[in-house]
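*Asks:* Sharing a sequence plus its predicted fold:
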Amino acid sequence: MKTMKFNFRNVLIAVMLCASILGFGQAKLPNIVILATGGTIAGAGASSTGSAYTFGQVKIEAMIDAVPNIRKLANLRGEQTANVGSQDMSVKVWLDLANRINELLKSAAVDGIVITHGTDTQEETAYFLNLVVKSDKPVVLTGSMRPSTALSADGPLNMYNAVALAANPNAKGYGVMVVMNDDIHAARDVKKMFSTPVHTFQSPQEGLIGTVIFGEVLFFHKPSGRHTTNSEFSVDGLKSLPRVDIVYGCADMSTDLIDIMVKAGAKGIVIAGVGDGNMNAGTLEAMKRATKAGIPVVRATRVPIGAVLIKGEVVDTDYGSVSSDELNPQKARILLMLALSKNRSRDDLQKLFIEY
């Protein structure tokens, strides 16, 4: 009978092979779902150096496959939730998106969500989701300023960084975030500041909450304001949201605009006022008529940075109006639409605008 010689090298190879088959010693990749809504990031143009393009030409699976090494960050699955330019973003898409996100994040098999979105209304979608998503798992919006066919298209790296952020275990609890141009923004604070440059998104008041550079994530601070799991708002059972209109303030603005909106069926009005949310005398009187008729009016400002004072040139308690605090007009509209899901006093509404 032959005696078997012990060969350490062969045993080691066998152990490593078994470990590889069973998955031992390998880092488990997180599971990320990418929800596509269209926009420039999925756009295509006839020329790589021209500015003209058509949104939503590239479907989500092709977008994922076009990003080198992105599948090394996470196990990815894509869904085409919508396919619109963000100028055509609607409340219906918001509700569908929020319900789908909440459904997905209830599963232990989903670790985070990435949403590809056009940039024109990306900050609005992000803020809406920030108020109604019911999970502390990462939800990250991204997009691009150049279509997929453009020279030096910014979409692929934005998408890579968005997946890296959603896959990062330290990203829990930050609410909904926007990742563009290596910057991480909180949904409440981010604003589109430039019409076409790639550095369009900024958080001029609160600052960035972090950066993500070629997938490496660094956080600076937590976002302010109540959000996600600490928010009182929900989309459960909602089929629509009440109509809220925005009036744009300017020199010698027409004083009948608020009355017209009330007659047209607006349930709430936001004024993008001049300076500290100001407006001319005729519009102030129209605002008072609206609030006396039970139509909430929120004073915001067309100025990019700064809060609207409750007791400034306009004292809100004198007119029954509400200050938007730091929210710009478009985000103030979203908060007011959700707030109108139940009856609230003027003081209750003001408290919401300070907290959120």
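*Replies:* Nice, thanks for sending it over.
*Asks:* and the helix or strand that contains Leu76, which strands flank it?
*Replies:* Here Leu76 sits within strand 75-84, counting by DSSP states H and E. The strands beside strand 75-84 in its sheet (DSSP bridges) come out as strand 31-38 (parallel).
*Asks:* What is the distance between the strand it pairs with and the centre of its chain?
*Replies:* Relative to its chain's centre, strand 31-38 lies at 13 Å (CA atoms, centre = their mean, to the nearest Å).
*Asks:* Export it to PDB, keeping only CA atoms.
*Replies:* Extracted C-alpha coordinates of strand 31-38, given in PDB (Å, rounded to 0.1, in the frame of the first residue of the first chain):
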ATOM      1  CA  ASN A  31     -27.700  45.600  -4.500                       C
ATOM      2  CA  ILE A  32     -28.600  48.900  -6.200                       C
ATOM      3  CA  VAL A  33     -31.600  49.600  -8.400                       C
ATOM      4  CA  ILE A  34     -31.300  52.400 -11.000                       C
ATOM      5  CA  LEU A  35     -34.600  54.100 -11.900                       C
ATOM      6  CA  ALA A  36     -34.400  55.900 -15.200                       C
ATOM      7  CA  THR A  37     -36.700  58.900 -16.000                       C
ATOM      8  CA  GLY A  38     -35.200  60.200 -19.200                       C
END
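*Asks:* what angle do the one helix or strand Asn130 maps to and strand 31-38 make?
*Replies:* Assessed by DSSP H and E, Asn130 sits inside helix 122-132. Counting by axes from the mean of the first three to the mean of the last three CA atoms, to 10 degrees, helix 122-132 lies at 130 degrees to strand 31-38.
*Asks:* Each with direction, which strands does the helix or strand just after helix 122-132 pair with?
*Replies:* Using DSSP H and E, the helix or strand that follows helix 122-132 in sequence is strand 139-142. Sheet pairing for strand 139-142, assigned by DSSP bridges, gives strand 112-116 (parallel), strand 176-180 (parallel).
*Asks:* what's strand 139-142 in contact with?
*Replies:* Residues outside strand 139-142 that contact it (CB atoms under 8 Å, 6 or more residues apart in numbering): 41, 101, 105, 112-117, 122, 125-126, 129, 133, 158-159, 161-162, 165-166, 171, 175-180, 187, 228. Where C-beta positions appear, they are placed from N, C-alpha and C, glycine not excepted.
*Asks:* what's the distance between the helix holding Asn130 and the middle of its chain?
*Replies:* With CA atoms, centre = their mean as the basis, helix 122-132 stands 4 Å off its chain's centre.
*Asks:* now do stretch 297-304
*Replies:* A distance of 20 Å separates the centroid of the chain from that of stretch 297-304, by CA atoms, centre = their mean.
*Asks:* Identify each buried residue in that stretch, please.
*Replies:* Neighbour-count burial for stretch 297-304, counted by 16 or more other CB atoms under 10 Å, picks out 297-301.
*Asks:* Equivalent analysis for stretch 98-112, please.
*Replies:* By neighbour count on 16+ other CB under 10 Å, the buried set for stretch 98-112 is 98, 101-102, 104-105, 110-112.
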